[in-house]
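K.L.:
show me how the following folds:
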Amino acid sequence: MKIHGNPNVMKALKLYNNQKTDKMQKSEKVAQKSDQLELSEKARDFQVAMKAFQKLPDVREDKVTKYKEQIRSGSYEVSGKEVLGKMIQQGKIDQKI
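P.N.:
The predicted structure follows:
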């Protein structure tokens, strides 16, 4: 039995296709709802802090200039205890990470 040229089959296919498009149109209407996002006050505070942090310069020029001048003039002195203290402190931080 051939179904390609049968008018009854063609009518059934047409009805089936119309039903599919009706369902698709209905689902499109449902899909048009939009999502909403509400940030907590803590999250907004964090955003403000991050924006302020990002505006900070990478290098503190005032300190760099100060220490360069001290090194040039020969007045820059650091004790061995300070250096050792910073090294130990950094080692403890590295262990935690």
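
K.L.:
for the residue nearest the centre of the chain, which non-adjacent residue is closest in space?
P.N.:
By C-alpha atoms, centre = their mean, the chain has its centre lying nearest to Gln47, at 11.5 Å. Of all residues not flanking Gln47 in the chain, Leu39 sits nearest, at 7.5 Å (C-beta to C-beta, 6 or more residues apart in numbering). Heads up, the C-betas are built off the backbone N, CA and C, glycines and all.

K.L.:
so what does Leu84 look like in phi/psi?
P.N.:
Phi and psi for Leu84, reported as degrees, to the nearest 10, are phi -60, psi -40.

K.L.:
what about Leu84, neighbour count?
P.N.:
When neighbours are counted by other C-beta atoms under 10 Å, Leu84 registers 10.

K.L.:
ah, wrong one, I meant Gln90
P.N.:
Other residues close to Gln90 by other C-beta under 10 Å number 10.

K.L.:
could you number the chain from 55 rather than 1 from now on?
P.N.:
New numbering, starting at 55: the last item is Gln144.

K.L.:
helix or strand for it, which one?
P.N.:
Secondary structure from DSSP states H and E places Gln144 in helix 134-150.

K.L.:
give me the mean pLDDT for that helix.
P.N.:
Averaged over helix 134-150, pLDDT sits at 85.
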